[in-house]
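> below: sequence and its predicted model.
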Amino acid sequence: MTPQGRAGPLLPQIMIFCAAVFMLLLYSGGWEMPLFGEKADPSASGIMRVAYLPAYAAGFLLIALNPRNLFRVAIRQPFLILVMTVVAASYFWSIAPDVTARRGFAVICTTICGLALASRYKWAQLAEVVATTFAILIVASFIVCLAVPRIGVMVELFPGAWRGLWQEKNALGSLMALGFCLLAAAALLNPPRAKLWWGFAFLALVLVLMSTSKTSLVSLMLGGGAIVFVLIAQSGPAAASAVTWAGVTGVMLLTTFLLLAADVFFALLGKDATLTGRSKIWSAVMTQIEDRPWLGYGYAAVWDNKDAYSAFAWITKDAGFQAHHAHNSWLEQWLGMGFFGLIGWGLFYLQTMTLALISVFRDRGALLAFPFLVVYSLVTLTESIAVVYNDFRWALFVAFAAKLAFSDRQQDQA
C-alpha cells in the first residue's frame, strides 16, 4: 500500500498527491504578497489571474484519473449545481458582464477542484493532503517572520503582529486557526504520522498567538472543542447522548450571553459594537439589495465598479469608507446573485451541515469536516468566504461538503 492507502506504483501516487497539494497552495494565496507586494490585487492583475491556471490544471488532472467518480460526487450536490447555475446565469443581468464572466469561470473551476478532491481521496488521505499544505504554509510563514520580518511582520497598523505570507495579521490568524483543527484531525485519522501532524498543529497555534488576532483564537478554541465533541460522541451511545445535551446547552447559554451582554463579548475580542465598521457595511449593502432583491447585480460585479452612481459608490457613501466585500457571506450572495443565489447557497449550506451533524455520530471523517465547518460557519458572519473564486476556504468547503455525501464506503463500492 502507498502512503495514501491505495495499491499501485508509488511514484505516480506521490505525483498525484503533490499535484493536489500544489493546487491548494495556489488557492491559499500565500504566494501573492511575497511576490507582488502589499498592494497586490488579484482582481486587477492579469499576471496573478493567470497564475491560478495551474491550480485548475491540477484539479482537472485529478478528475481525468477517474471522471466517473466526479459525476458520482456532483450528482449528490444538487444545491451546489443550483448555485453555479445562478453564477453563470447572472452574466445576463450583471452590471459588469465581462467581470462576471471572468470571475464566474474562476469560481466554477475552483468549485470543480474541490469536487475533484472529494472524488479522489478518502477521509484519512484527504486529511493528509490538507495537512501537508498547511505544513508548508506554516514553515514558510515562520521563515518570512523570523528571517525576513519586513515581509512577515506588520509595521504600520499593528506593529509587531505577525502576518506571515498574507497582507495582514487576521488573514494569518484565520487560516492558522483552521490549520490547527485540520492538522489535529490528520493526526487522529493517521496514527502512524500523528506526532508529525500534532507538531505542526502546535506551530499553527503559535502563529495564531503571534498574529495577536483574538477572533482567530476564539475560532481555534471552537474548532478544538468541536474535535473533542466528535471524539466523545463516537466513544459510545451514552457519551453521545450526554455530549449532545451538553453541546445544545452550551450553544443556548452562549447565545443568551451574546444577546444580553454583547458589549462584554466585544470588549473581550477588542472590538466595538459595529464590529470594526462591519455593521455600517451591512446596512449600506442592504440598502442596495432593496433595489435589486431578486436577481442582484451579477456575480462579483459590485466591488470593482467605480462609476459615480454605481452600487459600490453608494455603499461607500453610506458606510463612510471603501469596503472590498460585504463582510458577510450571506449578504454577499444576495447582493451579487439576488434571492435565488441566496437560497441556493442557503440550501447547500443546510445540506452540508445536516450531513456533518449526522456524521458526528457515525463517521470518522467528521473529525476533519465538523471542526472546519464550525469555524467556517462563524467566519461567514463577518467575512465573505462563500462562493469565492480562487479561494482556499471555498475549495475546502466544497471538498468536505461533497465528501460528506460520498462516503469512503460508497467510494469503495464505486
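Cool, got the structure. Values in this document were obtained by computation on a predicted structure and should not be read as measured data. Numbering: from 1, shown residues only.
> show the average pLDDT along stretch 130-149.
Averaging pLDDT along stretch 130-149 gives 97.
> my bad, should have said stretch 189-208
Stretch 189-208 comes out with an average pLDDT of 98.
> next: stretch 311-330.
Mean pLDDT, stretch 311-330: 93.
> now stretch 241-256
Mean pLDDT, computed over stretch 241-256, is 80.
> for stretch 287-301, same thing?
Here stretch 287-301 scores 96 as its mean pLDDT.
> show me where the stretch 101-250 of the chain has helices.
Using DSSP state H, counting those that start in this stretch, the helices of the stretch 101-250 of the chain run over residues 123-146, 149-152, 169-189, 194-211, 214-233, 237-260.
> out of these, which is the most enclosed?
Across those, averaging neighbours per residue (mean count of other Cβ atoms under 10 Å) puts helix 169-189 on top, at a mean of 26. Using the backbone N, CA and C atoms, a C-beta is placed for each residue, glycine as well.
> which strands and helices lie in contact with that one?
Counting contacts by 3 or more Cβ pairs under 8 Å, 6 or more residues apart in numbering; DSSP states H and E, helix 169-189 packs against helix 123-146, helix 194-211, helix 214-233, helix 366-380, helix 392-404.
> of the ones you listed, which is nearest residue 112?
helix 392-404 (8.6 Å; Cβ to Cβ).
> how near is residue 226 to residue 286?
According to Cβ to Cβ, to the nearest Å, residue 226 and residue 286 sit 31 Å apart.
> I meant to write residue 312 there.
Taking Cβ to Cβ as the measure, residue 312 and residue 286 are separated by 15 Å.
> kindly report the same for residue 12.
Here the criterion is Cβ to Cβ. By it, residue 12 lies 52 Å from residue 286.
> between the two, who's got more neighbours?
Neighbours around residue 12 and residue 286, counted as other Cβ atoms under 10 Å, are more numerous at residue 286. The numbers are 16 against 12.
> on the three-state scheme, that one is what?
Secondary structure, DSSP: H, G, I helix; E, B strand; the rest coil: residue 286 is helix.
> need the nearest residue in space to it, chain neighbours excluded.
Distance criterion Cβ to Cβ, 6 or more residues apart in numbering; nearest residue to residue 286, sequence neighbours excluded, is residue 331 at 7.1 Å.
> helices and strands of the chain: which one has the lowest mean pLDDT?
The element with the least model confidence among the helices and strands of the chain, by mean pLDDT, DSSP states H and E, is helix 262-269, at a mean of 61.
> and the one helix or strand the residue nearest to residue 286 maps to, which residues are buried?
Applying DSSP states H and E as the criterion places residue 331 in helix 329-359. When burial is assessed from 16 or more other Cβ atoms under 10 Å, helix 329-359 yields the following buried residues: 329-346, 348-349, 351-353, 355-356, 359.
> so who does the nearest residue to residue 219 once chain neighbours are set aside touch?
Of all residues not flanking residue 219 in the chain, residue 177 sits nearest, at 4.1 Å (Cβ to Cβ, 6+ apart). Under the criterion of Cβ atoms under 8 Å, 6 or more residues apart in numbering, the neighbours of residue 177 are 204, 208, 216, 217, 219, 220, 223, 375.
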